[in-house]
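Enquirer: here you go, sequence then predicted model.
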Amino acid sequence: MLSIVVLISGGGSNLRALLEATSDADFPARIVAVGSDTEAPGLEHAEHFGVPRFTVLPSAFTNRAEWGDELLAEIRQWSPDLVVCAGFMRILPPRVVAALSPNLINTHPALLPLFPGAHAIRDALAAGARETGVTVHIVDEGVDTGPTLVQRAVPVLAGDTEHVLQERIKTIERDLLVQTVLDIATDRIRLAAIHHTNRSATTP
């Protein structure tokens with residue numbers, strides 16, 4: 001049984017999808033805790049499903065590294081097999097990434113390497129893209145630069161606003177994240193092998 005800690009910053013729609021999936025006795029993964037860097041409304045989903053939660057506020061620390069160390073300590077209390085950043089909007093410090101990767105994944109609302117960063121949907125619209133999508137990837141020390149696990153395209157339709165396109169992407173994102181976690185739990189996706197292959201390909 002794959003044990004998971006999920007990190008969120010906002011409403012937690014991806015978290016909710018994972019909680020619903022993992023509440024099925026036949027699903028081979030369980031969420032053991034949910035963490036946040038804010039008093040996120042999405043933490044209510046964890047409470048509803050009876051999952052422990054924790055919050056580590058950056059404002060409580062003198063620097064980003066100290067915040068990261070405390071966040072890592074909270075995560076390690078649960079000894080997870082996998083950490084999922086599901087709408088977690090803060091870049092993790094290098095020590096946290098080094099400690100958790102490659103068992104640290106993120107969802108991003110674009111077809112990476114296109115439109116990385118916090119405003120991917122807005123950037124896709126501004127660029128006049130006819131297609132964008134969702135990427136699930138391993139987190140590395142860059143901004144949305146880690147090895148891609150899976151992608152799914154989403155069309156950009158005439159008249160789309162940022163909100164309308166975001167909602168269409170979210171529907172795909174939830175399903176793709178649940179399927180990716182299932183594939184990791186059943187060894188159809190092997191994070192260590194993908195990470196090793198990517199490092200070998202990028203090493204001079």
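Expert: Cool, got the structure. Numbers count the residues shown, from 1 in each chain.
Enquirer: how far away is residue 57 from residue 38?
Expert: The gap separating residue 57 from residue 38 is 7 Å, by C-beta to C-beta, to the nearest Å. For the C-beta atoms, the positions are set from N, CA and C on the backbone; glycine is no exception.
Enquirer: go on, residue 187?
Expert: 34 Å.
Enquirer: over to residue 121?
Expert: Applying C-beta to C-beta to residue 121 and residue 38 gives a distance of 20 Å.
Enquirer: of residue 187 and residue 38, who's got more company?
Expert: Neighbours around residue 187 and residue 38, counted as other C-beta atoms under 10 Å, are more numerous at residue 38. The numbers are 18 against 10.
Enquirer: which residue, other than its chain neighbours, is closest to that one?
Expert: residue 9 (5.5 Å; C-beta to C-beta, 6 or more residues apart in numbering).
Enquirer: also residue 56?
Expert: Looking at residue 56 with C-beta to C-beta, 6+ apart, the closest residue is residue 71, at 4.5 Å.
Enquirer: over to residue 55?
Expert: Nearest one to residue 55, counting by C-beta to C-beta, 6+ apart, is residue 36 at 5.1 Å.
Enquirer: and the one you found, how far is that from residue 18?
Expert: 15 Å.
Enquirer: ditto for residue 96
Expert: For residue 96, the distance to residue 18 - C-beta to C-beta - is 21 Å.
Enquirer: what's the answer for residue 99, then?
Expert: From residue 99 to residue 18 the distance is 22 Å (C-beta to C-beta).
Enquirer: okay, those two: which has more neighbours?
Expert: Counted by other C-beta under 10 Å, residue 99 and residue 18 do not tie: residue 18 has more neighbours, with 24 against 17.
Enquirer: so where's this protein shaky on pLDDT?
Expert: 196, 199-204 (pLDDT under 70).
Enquirer: tell me where it has strands.
Expert: For the chain, the strands defined by DSSP state E cover 2-8, 29-36, 53-55, 82-85, 104-108, 131-138, 148-155.
Enquirer: now the shortest one, how far from the chain's geometric center?
Expert: Spelled out, it's strand 53-55. Counting by C-alpha atoms, centre = their mean, to the nearest Å, strand 53-55 is centred 16 Å from the centre of its parent chain.
Enquirer: equivalent analysis for stretch 120-131, please.
Expert: 21 Å.
Enquirer: what residues does that stretch touch?
Expert: With contact meaning C-beta atoms under 8 Å, 6 or more residues apart in numbering, stretch 120-131 is reached by 108-111, 114-115, 117, 132, 153-156, 160, 162, 165-166, 169.
Enquirer: mind redoing it with 6 Å?
Expert: 109, 110, 115, 132, 153, 155, 156, 162, 165, 166 (C-beta atoms under 6 Å, 6 or more residues apart in numbering).
Enquirer: measure it end to end?
Expert: Terminal residues of stretch 120-131 are spaced 12 Å apart (C-alpha to C-alpha, to the nearest Å).
Enquirer: domain map for the protein?
Expert: 1-100, 107-204 (automatic domain parsing).
Enquirer: which one of those domains is the most hemmed in?
Expert: domain 1-100 (a mean of 18; mean count of other C-beta atoms under 10 Å).
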